[in-house]
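A.B. asks: pasting the structure only:
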């Protein structure tokens, strides 16, 4: 690269990533860990060669169409790109990249932690203990349910879904899944997983559901009030994917009424707002969108961004390019 491209980063990233970006490029960083406004995002798109957004930034057609001629790459800090209008970018010959793979294992670890914690009522036990409610061992104190032998239904059997399946098998869970199509027979055999083509049938027959599908117009409110009603009353649902996949109001009602037994949520329909009906329920664990939040994953995400930037400016194909969905 003869001239360092101008990089604008929309959120505060780990110090090591910031340092490398400044060393390698003409990087403008966001010193505050707060999202940029749509006006500021539009201004950034008009002056940058490379825009580095995160999941909190809505890079819509309005911003992309207003982008200056310098903007050649939107290097997303994250795997999901549903907050970026990839089609509009493609139409303007702006490349979009993401950071796949490096989040898989950490997100699967977190989902597995939820799968264990919700049935065993771990957070409720912690709250009781901190409040002085622990008066010694009792045969009936904070009774939960074992996970071994239970049926886990994974909705979305991509990289993360498969990583969860591997962990679940180790804990003695029976793995089932729903996907647009079955995974390859060797993968299905290695995971000891059973494919269900009918989502409704899967929901009605599982003890625990893990949501791991991408956010698309087709998956918005995929888990609706009607589908929550199909789940058994002892059922538990875990979501580490995207909040809008579950109808949050319907979920709050199902949890409050005993329609289902529990939930573990890391993502929300209108982040950072959470449906008020969920906030005081004892049978839901609420996490602040941290399934991939490890030091290691954040550094690896930063490295992927820099690799994609260097590849483009060295005349090579960006290894993590995202193309518009086929219609």
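C.D. replies: Ah, there it is. The structure displayed is predicted, hence computed values, not measured ones.
A.B. asks: in this structure, which spans are helices?
C.D. replies: 15-24, 38-47, 61-65, 86-91, 104-117, 122-130, 159-170, 185-191, 199-205, 225-230, 248-257, 276-279, 295-313 (DSSP state H).
A.B. asks: who wins for proximity to residue 214 among the ones you listed?
C.D. replies: Closest to residue 214 of those is helix 159-170 (CB to CB; 10.1 Å). Glycine gets a C-beta too; all of them are placed from N, C-alpha and C.
A.B. asks: elements contacting the closest one?
C.D. replies: helix 104-117, strand 151-155, strand 174-178, helix 185-191 (3 or more CB pairs under 8 Å, 6 or more residues apart in numbering; DSSP states H and E).
A.B. asks: pLDDT below threshold where in this protein?
C.D. replies: 1-2, 327 (pLDDT under 70).
A.B. asks: so which residue is dead centre in it?
C.D. replies: When CA atoms, centre = their mean is applied to the chain, the residue found nearest the centroid is residue 241 (3.6 Å).
A.B. asks: that residue contacts residue 209, correct?
C.D. replies: No. With contact defined as CB atoms under 8 Å, residue 241 does not count as touching residue 209 (11.5 Å).
A.B. asks: need the contact list for residue 276.
C.D. replies: By CB atoms under 8 Å, 6 or more residues apart in numbering, the contact list for residue 276 is empty.
A.B. asks: hang on, I meant residue 218
C.D. replies: Contacts for residue 218 (CB under 8 Å, 6+ apart) come out as none.
A.B. asks: find the nearest non-adjacent residue to residue 202, please.
C.D. replies: Closest residue to residue 202 apart from its sequence neighbours, by CB to CB, 6 or more residues apart in numbering: residue 196 at 4.0 Å.
A.B. asks: is it correct that residue 292 is in contact with residue 105?
C.D. replies: No. Using CB under 8 Å as the test, residue 292 is too far from residue 105 to be in contact (9.5 Å).
A.B. asks: the two - which one has more neighbours?
C.D. replies: Each of residue 292 and residue 105 has its neighbours counted (other CB atoms under 10 Å); residue 292 has more, 23 against 18.
A.B. asks: can you pull the contacts of that one?
C.D. replies: Neighbours of residue 292 in contact, by CB under 8 Å, 6+ apart: 103, 106, 107, 110.
A.B. asks: what's the nearest residue to it if we skip its chain neighbours?
C.D. replies: Nearest non-adjacent residue to residue 292, counting by CB to CB, 6+ apart: residue 103, 4.2 Å away.
A.B. asks: burial measure for that neighbour, as a count.
C.D. replies: When neighbours are defined as other CB under 10 Å, residue 103 has 23 of them.
A.B. asks: any idea how far it lies from residue 151?
C.D. replies: Relative to residue 151, residue 103 is positioned 26 Å away (criterion: CB to CB, to the nearest Å).
A.B. asks: domain parsing for this protein?
C.D. replies: Domain segmentation of the chain under automatic domain parsing yields 6-102+294-313, 104-286.
A.B. asks: adding distance to residue 322, write the ones you listed out as a markdown table.
C.D. replies: Putting these into a markdown table (distance: least, CB to CB, whole Å) gives the following:
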| stretch | distance to residue 322 |
| --- | --- |
| domain 6-102+294-313 | 5 |
| domain 104-286 | 12 |
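A.B. asks: among those, which is nearest residue 324?
C.D. replies: Short answer: domain 6-102+294-313, nearest of these by CB to CB, at 4.2 Å.
A.B. asks: now do the end-to-end distance for that closest one.
C.D. replies: 12 Å (CA to CA, to the nearest Å).
A.B. asks: what of stretch 109-124?
C.D. replies: Using CA to CA, the two ends of stretch 109-124 sit 21 Å apart.
A.B. asks: list of residues touching that stretch?
C.D. replies: With contact meaning CB under 8 Å, 6+ apart, stretch 109-124 is reached by 142-147, 150, 152, 160, 164, 167-168, 171, 173, 208, 210, 212, 236, 238, 240, 261-264, 266, 282-285, 287, 290-292.
A.B. asks: show me what contacts the residue nearest to residue 100 when sequence neighbours are not counted?
C.D. replies: In this structure, residue 100 finds its nearest non-sequential neighbour in residue 79, 5.0 Å apart by CB to CB, 6+ apart. Counting by CB under 8 Å, 6+ apart, residue 79 touches 98, 99, 100, 101, 103.
A.B. asks: export those residues to a markdown table and tack on distance to residue 132?
C.D. replies: Formatted as a markdown table, these follow (distance: CB to CB, whole Å):
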| residue | distance to residue 132 |
| --- | --- |
| 98 | 47 |
| 99 | 44 |
| 100 | 46 |
| 101 | 45 |
| 103 | 39 |
